[in-house]
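# quick one: sequence plus predicted model below, questions after.
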Amino acid sequence: MTGTGSDPETGPRVDIDQFFHPVELPRTRLSDALDDVVRGVGNAVSWVWVALIGVIVLNVVLRYVFGQGRIEFEELQWHLYALGFLVGLSYCIQNDSHIRIDIFHERFRLKTKAWIEFFGILFFLIPYVAVILIYAPPFIEYSIITREVSTAPGGLGYRWVIKSAMLFAYILILVAALSRLSRVIAYLFLKPPMIRDRERG
Amino acid sequence: APAEAQERVRWRVPIAFPSALPALGDTAPWVFEQLNIVSGGNVQLRISEPGQLVPPFQIMEAVKDRKVQAGFTWIGYDAGKIPALPLISAVPFGMEPWAFTAWWYHAGGKELGQELYEPHNIHPLLCGIISPETAGWFRFEITSLDDVRGLKIRFAGLGGKILQELGASVTEIPGAEIYQALERGAIDAAEFSLPEVDQQLGFDRVAKYNYFPGWHQTFTTMHLLVNKGLWDGLEEQTQALMNMACMAGTMYGLSKAEANQGPVIAQFPDKGVTPVVLPEEILLELEQVSTQVLREEAEKDEMFSKILESQIAFRKNYDLWKQYGYLPRDFPTTLYDRE
Amino acid sequence: MEINEILAILMFVTFIGTLFLGFPVAWTLGGIAIVFAAISMLADMYLDTWIGIDWLYVSLVVDDLWNTMQNWVLVALPMFIFMGLMLDRSGIAEQMMESFSQLFGRLRGGLAITVTVIGILLAASTGIIGASVVLLTLLSLPIMIKNRYNKGFAVGTICASGTLGILIPPSIMLVIMADRLAMSVGDLFLGAVFPGLLLGGLYILYIIAVAALYPSQAPAPPNVARMSLAVLWGVVKAALPPAFLILAVLGTIFFGVATPTEASGVGAFGAILLAWGNRRLSLTVWREVVRQTTTTTAFIFGILVGASAFAIVLRGLGGDDLIADALLGLDLGRHGTIIVIMLIVFLLGFVLDWIQIVLILLTLVAPVVKALGFDIVWFTILFAVALQTSFLTPPVGLALFYLKGVAPPEVTVRDIYRGIAPFIVLQLIGLTVVYLWPEIVTWLPQQAYGR
Ligand code: NA
Ligand code: NA
């Protein structure tokens, strides 16, 4: 986890791990299973950015070279982007890259950090996610009942599909949160810790 | 004996347009203020500006679920869920504003509107209406249908659909990007609202041809949407008060919109803006396509068809009256038309 | 004081207190919102208050999330991030910055000046702070650290330069302000040009001064070759393609070939082509870039989404009335009013993000300021400069978050706070200058439109 290193063969590369600031908690079998799901979905969905670039370039070429405006592609752009950032929310929990103000945090003992995680997940993260998980289904259901479509000319139909991405993403957030919670509980209440975070990957 | 105390109403009401916009935005504050005054402070509807609480496109759903008690919005935003809404919010080659109010208040429009919203647990009150919008701000002149083909234009809703049929390259880039896209030429033209409103947003600086008439939006309504359960539970007195205030709001919006556009257009020469009327050839073509699009919509949706039939029936007689009752539009009057 | 007002203040205090415990900002914001919604419901039940928040009201967070999903303008954010990451991971960014530093030779602070200049160019093409800060960090922070810049100084330069985008047009903030006040976007865009350049200039002056007075803060590169044609050619060769790419992106926007959103996507595409052209486009690079784009985009949105939940509940508690009443209750005279407004905006900027401040305060004070006979364009720009500062002021300084998210771990929050402080002072100087000389704002719109 040092900074930038220059490699004559491949050029300067930055170690991807340097971007994560993990709270080093033991892993559990449950957390490993849950993390696999979150990481797998996150890795797969990450390719959405390439698709997004493709759609934008296609749209620009169509408009400026062929004089054709395609609103379905314009809408597809925010569909893809929404999917990407929503799924990313859980991905960030899994690799612990949500922003923390760690001016004091970095000096806390691991035990203190674990208690903060414990209460934070239980009283902040889960209630917040619960509100979305409770109120998103009727929101999506209404879209299905009304057969909601875009009002734009040539816009996309089946609005419920992209609206469902919200539910999907927040279920993943819950999964990632439970994984983390299990690690915190394992550390705080069960001994000995099972797998050290260092062994990751 | 002293009058029974009136019930107290304290609602948070999101609005779809900033209250600083003339007619389009300032009707709601005016209506709510009147309600407050005449009820002696018993009925208080508090505005929450767009985005403060409920995103403008979500107002209807928020009212339906009673996340908020009521909302003040342009209901055309919800056409994706209720396809018939364009007919009562703004429709290409539709009625003139006062004709629309005649249909709404006295020819079954209101009842159809209520029927339309019934399954959505909402009670709609017509609460504002404004004059035709402009047909858009263009960077260059349009002389024929050929100019429409390939035209890069920002145009919303059914009007956009029609232009697309005619070969325009229609985009719905976000409102926030219109000014810049127009200024830098990423688009050739854009429509938004009344000349007065557009001018406040600065479109006259970046596009020098302002097109008329507003074929795509001959009237634009605003509605106070009230959660139906809540509305039904209101005392009769409160309901009457709201009905009355909204009817006044309709007149307020219309008269204000009518009053203010002339002076704005009069100042165009100083600003280097040219007002242009679309050539009849183009208008005729637009009307053809518009009729075709509306027929298609009517086939797809039962309520759309029902409301359209009602409007067509109303128009049959109304157009007779219009034909006989009014002076021709361009009739010269010696007193008012100097020269 | 009413119970709801006490709760509103408590909500702020709890938030700031909890923030420093180090639980992720996004979930702290969202969580505090839910906790205080629950408390206010309990108060309504047992304390005979009438705050009126219920779960249905809280569920507006769903509508708000959907609104963010539909926000097409924000599509540019992941695209600029992708572009930055692709340039970084493929090594092109370092090559480019390396050559620039050759170009500056022994000039101390050359890299920092380069950052500011790129920041100004970026600002002129996009108004999305997250994108600018992330891009600048990826492009320049590793090499500044490698060249033994003081970390705080490097970080401060990046954050400040990155936030210029919200002021220098195009800017979403100015668009929203214009919309709120029903005024011309054009006036605001033109009005903001000189204040934006003024601030950029102040940064550069500061950098030159620091580099001259404290050479250890911004040392010259240790291994500069003597300037020769060969060296120059090397520089041109290395710097030209990426510089061309960045200029091409800016150019397509500037000359109206594409909207900013589209240009961001085209820029990302260009970065792929560059990496490919340099034979650096391995599967590993692809993977790292797409995954890190997801992560970076998501931590930014986590905060945006959490903040909107926070705002919904704060509003339900009447928190915005509290702020508004406090302001309008005072009678301060003409200039006193402006100064107090700016002070409040500055202070609110520590804990709220700009959009909340615009929604709560701007529409409220604008008519008052107009009635006092001030030029409203000038006032709005003054407001905008104060808001730009809010990106830099801890603890809720979005630019600081964004930088922290992609900076190497040896850059601590302490470094960031220490580094940003002088730039906040520069912001205040800029604000004062614009306040004292309104012509800086009003001159350009007058020239262009003869208002
Ligand atoms: Na900008
Ligand atoms: Na701040």
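Sure, I can see it. Ligands and ions are numbered 1, 2, ... in the order given.
# now do the contacts for the spatially most central residue of chain A.
Closest residue to the average C-alpha location of chain A: A:Gly88 at 2.1 Å, with C-alpha atoms, centre = their mean. A:Gly88 makes contacts with A:42, A:45, C:294-295, C:297-299, C:301, as judged by C-beta atoms under 8 Å, 6 or more residues apart in numbering or on different chains. For the C-beta atoms, the positions are set from N, CA and C on the backbone; glycine is no exception.
# report the buried residues of stretch A:114-129.
Under the neighbour-count criterion of 16 or more other C-beta atoms under 10 Å in any protein chain shown, stretch A:114-129 has A:114-118, A:120-121, A:124-129 buried.
# near B:Tyr117, how many other residues are there?
The local packing count at B:Tyr117 equals 24, with neighbours defined by other C-beta atoms under 10 Å in any protein chain shown.
# sticking with it, tell me its helix or strand.
Element membership for B:Tyr117 (DSSP states H and E) is helix B:109-117.
# what about that helix, near chain A?
No: using C-beta under 8 Å from any C-beta of the partner chain, helix B:109-117 stays clear of chain A, coming no nearer than 12.1 Å.
# from the buried residues of stretch A:114-129, which land in helices?
When the buried residues of stretch A:114-129 are checked against helices (DSSP state H), the matches are A:114-118, A:126-129.
# quick one, phi psi at B:Ser255?
Dihedral pair for B:Ser255: phi -70, psi -40, per degrees, to the nearest 10.
# so what's the closest residue to C:Val406 other than its chain neighbours up against?
Nearest residue to C:Val406, sequence neighbours excluded (C-beta to C-beta, 6 or more residues apart in numbering or on different chains): C:Thr137, at 5.1 Å. Applying C-beta under 8 Å, 6+ apart, we find C:Thr137 in contact with C:158, C:162, C:402-403, C:406-407.
# show me the shaky parts of the chain.
All of this is about chain A. Within chain A, the ranges that satisfy pLDDT under 70 run A:1-23, A:191-201.
# wait, I meant chain B there
Across chain B (using pLDDT under 70), the flagged ranges come out as B:1-4, B:174-176, B:338-339.
# in it, which residue is closest to the centre?
With the centre of chain B defined as its mean C-alpha position, the nearest residue by C-alpha atoms, centre = their mean is B:Thr220, 1.8 Å away.
# which element is the residue nearest to A:Tyr128 when sequence neighbours are not counted on?
The spatially closest residue to A:Tyr128, leaving aside those adjacent along the chain, is C:Gly30, at 3.6 Å (C-beta to C-beta, 6+ apart). For C:Gly30, the enclosing helix or strand under DSSP H and E is helix C:25-46.
# then B:Ile153?
Secondary-structure element containing B:Ile153, defined by DSSP H and E: strand B:152-154.
# and for B:Arg46?
Assigned by DSSP H and E, B:Arg46 falls in strand B:43-48.
# can you check A:Val41 too?
Counting by DSSP H and E, the element that carries A:Val41 is helix A:29-45.
# right, quick check: that helix against chain C, any contact?
Yes: Helix A:29-45 lies in contact with chain C when judged by C-beta under 8 Å from any C-beta; the contacting residues are A:42-43, A:45.
# would you map the helices across the stretch 301-450 of chain C?
Per DSSP state H, counting those that start in this stretch, the stretch 301-450 of chain C carries helices over the ranges C:319-328, C:334-351, C:354-357, C:363-371, C:376-390, C:398-406, C:413-436, C:439-449.
# for the longest helix along chain A, packing partners?
Across chain A, the longest stretch assigned as helix under DSSP H is helix A:159-189. With contacts defined as 3 or more C-beta pairs under 8 Å, 6 or more residues apart in numbering or on different chains; DSSP states H and E, the secondary structure elements packing on helix A:159-189 are helix A:29-45, helix A:71-94, helix A:110-119, helix A:126-145, helix C:60-69.
# chain center to stretch A:146-160: distance?
Centroid separation for stretch A:146-160 versus its chain: 26 Å, with C-alpha atoms, centre = their mean, to the nearest Å.
# just stretch C:54-71 next, same as before
Between the mean C-alpha location of stretch C:54-71 and the chain-wide mean there is a distance of 24 Å, by C-alpha atoms, centre = their mean.
# how about stretch C:280-294?
If you compare the mean C-alpha spot of stretch C:280-294 with that of the full chain, they lie 26 Å apart, counting by C-alpha atoms, centre = their mean.
# and the contacts of it?
With C-beta under 8 Å, 6+ apart as the contact definition, stretch C:280-294 has outside contacts at A:10-11, A:16, A:19, A:42-43, A:45-47, A:49-50, A:84-85, A:87-88, A:91, C:78, C:81-82, C:85-86, C:89-92, C:272, C:275.
# and it, what's buried?
Neighbour-count burial for stretch C:280-294 [16+ other C-beta under 10 Å]: C:280-281, C:285-286, C:288-294.
# show me these that map onto helices.
The members of the buried residues of stretch C:280-294 that map onto helices under DSSP H are C:285-286, C:288-294.
# next up, the contacts around residue 46.
Let's take chain A. Contacts were defined as C-beta under 8 Å, 6+ apart; by that measure A:Ser46 touches A:84, A:91, C:287, C:290-291, C:293-294.
# can you look at chain B instead?
Taking C-beta under 8 Å, 6+ apart, we find B:Arg46 in contact with B:10-13, B:32.
# gap between it and chain A?
Plainly put, B:Arg46 is 23 Å away from chain A if you go by C-beta to the nearest C-beta, to the nearest Å.
# what's the separation between that residue and C:Tyr203?
For B:Arg46, the distance to C:Tyr203 (C-beta to C-beta, to the nearest Å) stands at 43 Å.
# can you check C:Thr294 too?
In this view, C:Thr294 and C:Tyr203 are 32 Å apart by C-beta to C-beta.
# cool, and A:Gly54?
37 Å.
# check B:Lys64 too.
If you measure B:Lys64 against C:Tyr203 using C-beta to C-beta, the figure is 50 Å.
# neighbour count: those two, which is higher?
C:Tyr203 (27 against 20).
# run through the stretch 101-250 of chain C and note the low-pLDDT ranges.
Counting by pLDDT under 70, the stretch 101-250 of chain C contains low-confidence ranges at C:104-106, C:125-127, C:221-227, C:242, C:246-247, C:249-250.
# show me where it has its helices.
C:110-125, C:129-146, C:151-163, C:172-181, C:185-213, C:229-254.
# for whichever residue of the stretch 301-450 of chain C sits closest to ligand 2, what are phi and psi?
With C-beta to the ion as the measure, the residue in the stretch 301-450 of chain C that lies nearest ligand 2 is C:Thr393; the distance is 3.6 Å. Backbone dihedrals for C:Thr393, given as degrees, to the nearest 10, come out at phi -90, psi 120.
# residues in contact with it?
Applying C-beta under 8 Å, 6+ apart, we find C:Thr393 in contact with C:346, C:349-350, C:420, C:424.
# where's it relative to C:Gly329, distance?
For C:Thr393, the distance to C:Gly329 (C-beta to C-beta) stands at 25 Å.
# C:Ala268 now?
When C-beta to C-beta is applied, the distance between C:Ala268 and C:Gly329 equals 50 Å.
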